[in-house]
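Enquirer: below are the sequence and a predicted model; questions follow.
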Amino acid sequence: MPRIHATAIIDPAAQLAGDVEVGPYSIIGPHVSIAAGCRIGPHVVIHGHTSIGANNRIFQFTSLGEVPQDKKYGGEHTRLEIGDNNTIREFCTFNIGTAQDAGVTRLGDNNWIMAYVHLAHDCQVGNNTILANNAQLAGHVVIDDYAILGGFTGVHQFCRIGKHAFTGGSTVVLKDVPPFVTASGNPAKPFGINAEGLKRCGYSAEAIAGIKRAYRAVFRSGDTVAQALNTLNTQAAACPEIQPLIDFLAVPGRGIVR
């Protein structure tokens, strides 16, 4: 049986795996499912059509699955989906999606989400990301795998943050940050690649050198994005690791930080 504190309020229709722990004064609504190995701290509120995967640790005063902060929302059946092995620290707020998008807000697996992080409606966060304290994502934001957002980073709606990208503290992201790029400032500007992060993820020295060449083609050559893509497609033969950058730039968005 789940270990539920006597002061917690769990709707009888909620689905909790047998070893889930729920702390004092937490509230879990009827459309919530929580898989095995999860630990829900005190004063956590989980509402909406929310599914939480296995082995997540959710700290006190977090709010998951509440309705979007979007005036267009009219009570539609939308969802919040959280994967496995995530750490979600104090005072985080994740909202469900809206009918104007995919209808679901998603957090993948193995993410480290620090205190006061906000995931607005329809955000799509991948795997192995780090969102530092007070990172704030507006609606419809996409964060790819292994991205790291520094504390107090604010991301404008519909922006994309690419794989292995990194933002400095208090960065204001108004345009897309491509894969591998380190960005900082208000508004965000590119400052090279996330070389240390790539090393930690096992990229070879040769691959990192190739990614640096690709960065220069996009951000230092003076070429348009279309022209830079032609250069990158040539470089990819010698450095296939730059393919995520090519794929990212090929998708129209809000424009990239430059």
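Expert: Perfect, I can see it now.
Enquirer: can you count the residues close to Ser26?
Expert: 24 (other CB atoms under 10 Å). For the C-beta atoms, the positions are set from N, CA and C on the backbone; glycine is no exception.
Enquirer: relative to Ala36, how far out is it?
Expert: The gap separating Ser26 from Ala36 is 18 Å, by CB to CB, to the nearest Å.
Enquirer: contact partners for Ser184?
Expert: Neighbour list for Ser184: 150, 167-169, 171, 191 [criterion: CB atoms under 8 Å, 6 or more residues apart in numbering].
Enquirer: cutoff 7 Å now
Expert: 167-168, 171, 191 (CB atoms under 7 Å, 6 or more residues apart in numbering).
Enquirer: need these in TSV with distance to Gly18 and neighbour count, can you?
Expert: Output for those, formatted as TSV (distance: CB to CB, whole Å; neighbours: other CB atoms under 10 Å):
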residue	distance to Gly18	neighbour count
Thr167	40	30
Gly168	43	17
Thr171	43	25
Phe191	49	15
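Enquirer: from these, pick the one nearest Val141.
Expert: Among those, Thr167 lies closest to Val141 (CB to CB), at 12.3 Å.
Enquirer: re the thing from before, take the contacts of Ser184 and keep only those in strands.
Expert: 167, 191 (DSSP state E).
Enquirer: can you point out the buried residues in the helix or strand containing Asn230?
Expert: Using DSSP states H and E, Asn230 falls within helix 225-235. Counting neighbours by 16 or more other CB atoms under 10 Å, one finds that the buried residues in helix 225-235 are 228-229, 231-232, 235.
Enquirer: now do Val218 against Val172, distance only.
Expert: 21 Å.
Enquirer: more crowded one of these two?
Expert: Val218 (23 against 16).
Enquirer: what sits against that one?
Expert: Listed by CB under 7 Å, 6+ apart, the contact partners of Val218 are Ala228.
Enquirer: count of neighbours near the nearest residue to Pro179 once chain neighbours are set aside?
Expert: Spatially, and ignoring its direct neighbours in sequence, Pro179 is nearest to Gly162 (3.4 Å; CB to CB, 6 or more residues apart in numbering). For Gly162, the neighbour count with other CB under 10 Å is 23.
Enquirer: next, Gly154: phi, psi?
Expert: phi -110, psi 130 (degrees, to the nearest 10).
Enquirer: let me see the confidence value for it.
Expert: In this model, Gly154 is scored at 98, pLDDT.
Enquirer: I'd assumed Leu174 was in contact with it.
Expert: No: judged on CB atoms under 7 Å, Gly154 makes no contact with Leu174 at a distance of 9.1 Å.
Enquirer: who's more crowded, those two?
Expert: Gly154 (20 against 14).
Enquirer: who does the helix or strand of the chain with the lowest mean pLDDT pair up with?
Expert: Least confident helix or strand, the chain: strand 3-4 with a mean of 95, by mean pLDDT, DSSP states H and E. Paired neighbours of strand 3-4 in the sheet (DSSP bridges): strand 21-22 (parallel).
Enquirer: mean confidence score for the partner strand?
Expert: 98.
Enquirer: report the contact partners of the spatially most central residue of the chain.
Expert: The chain has Val125 as the residue nearest its centroid, 3.0 Å off, counting by CA atoms, centre = their mean. The contact partners of Val125, taken as CB under 7 Å, 6+ apart, are 106-108, 111, 119, 143.
Enquirer: widest-spaced pair of the residues you listed?
Expert: Gly108 and Leu119 (11.8 Å).
Enquirer: neighbour count: those two, which is higher?
Expert: Remark: of Gly108 and Leu119, Leu119 carries more neighbours, 28 against 21, as counted by other CB under 10 Å.
Enquirer: show me what the closest residue to that one other than its chain neighbours bridges to in the sheet.
Expert: Residue nearest to Leu119 in three dimensions, not counting chain neighbours: Phe94, with 4.3 Å by CB to CB, 6+ apart. Assessed by DSSP bridges, Phe94 has beta-bridge partners Leu64, Leu119.
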